[in-house]
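Visitor: Fold the following, please.
(one chain, ligands or ions: 2)
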Amino acid sequence: MILPKIREIKEALGSLFSAPITTPFPAVPFEAEKNYRGIPRYNAEHCIGCGTCAQVCPSTAITITDDLKKKIRTLTVDLTSCMNCGQCEEKCITEKGIQLSNEHSLFYADRKEPQLYERLERELILCEICNKPIACLDHLQWVKNRLGAKAYAHPNFLLLVQAKSSTIEPSSPKERLRREDQIKWVCASCRQQIVTIDEF
Ligand code: SF4
Ligand code: SF4
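Guide: Numbers count the residues shown, from 1 in each chain. Ligands and ions are numbered 1, 2, ... in the order given. Got it, this is the predicted structure:
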């Protein structure tokens, strides 16, 4: 029983003359290891605003807000709710839209501090008939590129290609949906109505 006590006294005396094991943070900035799972950051070059990260986030730290007037989708990560699990990074469909940095410091007195929220805005495309969101412009572009030539089979993707080479004047609203409405930004539900009316 005496031997452990001697060992402890020896360690205590030894620590008086050795350098501290802990870091003097925050007096001295602390840099985390390269693979440390820290604060998630959006990458504006690679995020297409699809919203997958919000769906997979287990702590519902990511929210999506669509401003229909400004046609802007805002993705927000509430860093006070994030538990740095890395699901958003792992399931991101572009693989680089959001990544966990090795930043770790979140010391703020007020939870409303803007630094506690990671935000990114993307341009939103709305249905020209019902005004509901179809998807972000970058998301449509990403799908079109993956489809290659097959994208020409869908009017929304056709419009993406056409918009690059010409300006399309918006047509005035008609009494009812017509076949010509196919060549507009139209959501799946309204497109189904146009096809049904056209067929029958
Ligand atoms: S591209 Fe990635 S980061 Fe951007 S919304 Fe989709 S899943 Fe989230
Ligand atoms: S790291 Fe995990 S908890 Fe944090 S935002 Fe991403 S999915 Fe949500």
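
Visitor: And this protein, what are its domain boundaries?
Guide: 32-124, 127-167+174-200 (automatic domain parsing).

Visitor: could those domains go into TSV alongside mean pLDDT, distance to Ile9 and mean neighbour count?
Guide: Every C-beta, even on glycine, is put in place using the N, C-alpha and C of the backbone. Shown next, in TSV, are those (pLDDT from 0 to 100; distance: least, C-beta to C-beta, whole Å; neighbours: other C-beta atoms under 10 Å):
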stretch	mean pLDDT	distance to Ile9	mean neighbour count
domain 32-124	95	34	15
domain 127-167+174-200	82	65	14
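
Visitor: For the ones you listed, give me CSV that also has distance to ligand 1.
Guide: Below are those laid out as CSV (distance: least, C-beta to the nearest ligand atom, whole Å):
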stretch, distance to ligand 1
domain 32-124, 3
domain 127-167+174-200, 8
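
Visitor: would you turn those into TSV with distance to Thr23?
Guide: Conversion of these to TSV gives the following (distance: least, C-beta to C-beta, whole Å):
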stretch	distance to Thr23
domain 32-124	10
domain 127-167+174-200	41
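
Visitor: Ligand 2: which of these is closest?
Guide: Counting by C-beta to the nearest ligand atom, ligand 2 lies closest to domain 32-124 out of those; the figure is 3.2 Å.

Visitor: buried stuff in the longest helix seen in the chain?
Guide: When secondary structure is assigned using DSSP state H, the longest helix within the chain turns out to be helix 2-16. Within helix 2-16, not a single residue qualifies as buried, counting by 16 or more other C-beta atoms under 10 Å.

Visitor: Provide the contact partners of it at residue level.
Guide: Defining contact as C-beta atoms under 8 Å, 6 or more residues apart in numbering, one finds that nothing outside helix 2-16 touches it.
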